[in-house]
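Enquirer: Quick one: sequence and predicted model below, then my questions.
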2 protein chains.
Amino acid sequence: MAKIVLYMWMSLDGFVAGPDDGPEQGLGVGGERLHDFLTFEGADHPGSARSHDEVGTAVMAEAMATGAVLTGRRTFEFAGQWGGDHHDGVPIVVLTRSAPAEPPLGHARYVTDVREAAAQAKAAAGDRDVLLHGAEAARACLRAGVLDEMALQVVPVLLGSGRRLFDDMPAEQVELELVRALDGPGMVHLRYRVLPTDAAGGER
Amino acid sequence: MAKIVLYMWMSLDGFVAGPDDGPEQGLGVGGERLHDFLTFEGADHPGSARSHDEVGTAVMAEAMATGAVLTGRRTFEFAGQWGGDHHDGVPIVVLTRSAPAEPPLGHARYVTDVREAAAQAKAAAGDRDVLLHGAEAARACLRAGVLDEMALQVVPVLLGSGRRLFDDMPAEQVELELVRALDGPGMVHLRYRVLPTDAAGGER
């Protein structure tokens, strides 16, 4: 059964983008620090994962082996809709409050209900996992009880300001299970399973 | 040379206490979840570190081997001034905006300047480290450039609200070096060194 897995690169102080993020600057002011690992001097393929960071490379490969993408509208737009193809032509389900008149590019579709979006993404992924993108979408999935796991790459920096992954959350505690902790060069990669609340299937 | 080391138990979403923390409830509503590890059923010594959690026990022992305590006033008061003795009778330096007329209990003293407080704590610790307590004091030390390391125990829970460790921070990025990552039962213990800013000795 497909799992919905959030992959996120986050500063130790909890930011996934710097301040003033927008279409021209998806990671905000200074936020590109969070994705430093993606490029390194002398790389044959700029934008590829660091060839000498086996752990980071493996995590990235895992994310790129997913069978569908579930994303918030903001992230989708900031990324230029990924030109309609996030990776390998897998379906992209875009969670949005209201679907625009113009259809999205390529393999993407708009869905306005979070449970419906999750269900469509899982169905599309088949026996593979769903790659979840975007802080706001992650919180929506968490609240709806449809977020299965979180793979967090903890970048060793304090950004001080910007967009937090965990913000405006319901006050109810959510228990997690640490299912993996990997040490990469200079950073840890943590993977948590979201445990069901007592009220099974209930709204968080 | 003594280092100033913050020891903190923090939820994955960055909270070190639940909401409405106060003298009667130092960890706030639901915040005791962060210190669950300190007690377990059937313990001979309630309040002692879990005997079967060797990693957590070692980290706690490390904190208790420090030669001085540097704490914020709030934490100090919420803890009942630790009766004047945090551990082994080591000096307690209490950072406060204004020192009250009544002297603190036991081995504690009030200091109003963060750099002076840090210097006094380090001098008192001799060749051992200084245990730093309290989120606000930690941020003051960070801003003043006197925080050397952070030992963060990441508790696998989302609290959703409460007191954040990293809040109201200066927007300037602070680079960290991951110096240790230990896996305890169900949680990771991360230790970071705070790297100097470009403007050496400058205010953060």
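Expert: Thanks, I have it. Residues are numbered from 1 along each chain as shown, chains lettered A, B, ... in the order given.
Enquirer: immediately after whatever helix or strand A:A117 lives in, which helix or strand?
Expert: Under the criterion of DSSP states H and E, A:A117 resides in helix A:114-125. For helix A:114-125, the following helix or strand on the C-terminal side (DSSP H and E) is strand A:130-133.
Enquirer: That following strand: partners in the sheet, and parallel or antiparallel?
Expert: Strand A:130-133 has the following strand partners under DSSP bridges: strand A:4-11 (parallel), strand A:68-72 (parallel).
Enquirer: re the thing from before, how far off strand A:68-72 does the helix holding A:A117 point, in degrees?
Expert: For helix A:114-125 against strand A:68-72, the angle by axes from the mean of the first three to the mean of the last three C-alpha atoms, to 10 degrees is 160 degrees.
Enquirer: buried stuff in the longest strand anywhere in chain A?
Expert: In chain A, assigned by DSSP state E, the strand with the most residues is strand A:174-184. Neighbour counts using 16 or more other C-beta atoms under 10 Å in any protein chain shown place A:174, A:176, A:178, A:181-182, A:184 of strand A:174-184 among the buried residues. Heads up, the C-betas are built off the backbone N, CA and C, glycines and all.
Enquirer: What are the contacting residues of it?
Expert: The contact list for strand A:174-184, computed with C-beta atoms under 8 Å, 6 or more residues apart in numbering or on different chains, reads A:37, A:53-56, A:58-59, A:142, A:149-150, A:153, A:188-195, A:197, A:204, B:12, B:156-158, B:160, B:181, B:183, B:186-188.
Enquirer: Over to stretch A:9-17?
Expert: Contacts of stretch A:9-17 (C-beta under 8 Å, 6+ apart): A:8, A:26-28, A:31, A:33-35, A:37, A:135, A:152-166, B:13-14, B:152, B:164-166, B:169, B:176, B:190, B:192.
Enquirer: ok, back up a step: farthest pair in the buried residues of strand A:174-184?
Expert: The span of those, defined through C-beta to C-beta, is set by A:V174 and A:G184 at 25.9 Å.
Enquirer: tell me the contacts of A:V5?
Expert: For A:V5, the contact set (C-beta under 8 Å, 6+ apart) comprises A:66, A:129-132, A:148-151.
Enquirer: What is the burial count for A:R143?
Expert: A:R143 has 16 neighbouring residues, counting by other C-beta atoms under 10 Å in any protein chain shown.
Enquirer: which SS state does it fall under?
Expert: Look at A:R143: counting by DSSP: H, G, I helix; E, B strand; the rest coil, its state is helix.
Enquirer: A:P170 is in contact with that one, correct?
Expert: Yes: taking C-beta atoms under 8 Å as the definition, A:R143 is a contact partner of A:P170 at 6.2 Å.
Enquirer: Which residue is the nearest non-sequential neighbour of the residue nearest the centre of chain A?
Expert: Nearest to the mean C-alpha position of chain A, by C-alpha atoms, centre = their mean, lies A:H133 at 2.9 Å. Nearest residue to A:H133 in three dimensions, chain neighbours excluded: A:T71, at 3.9 Å (C-beta to C-beta, 6 or more residues apart in numbering or on different chains).
Enquirer: How about that neighbour: which residues does it bridge to?
Expert: Beta-bridge partners of A:T71, counted by DSSP bridges, are A:V94, A:H133.
Enquirer: what's around it, how many residues?
Expert: Neighbours of A:T71 under the rule other C-beta under 10 Å: 26.
Enquirer: Just the local confidence number for A:A121, please.
Expert: In the predicted model, A:A121 carries a pLDDT score of 98.
Enquirer: what residues are up against it?
Expert: Contacts for A:A121 (C-beta under 8 Å, 6+ apart) come out as A:2, A:4, A:68-70, A:91, A:93, A:130.
Enquirer: Since that was my last question, I'll sign off now.
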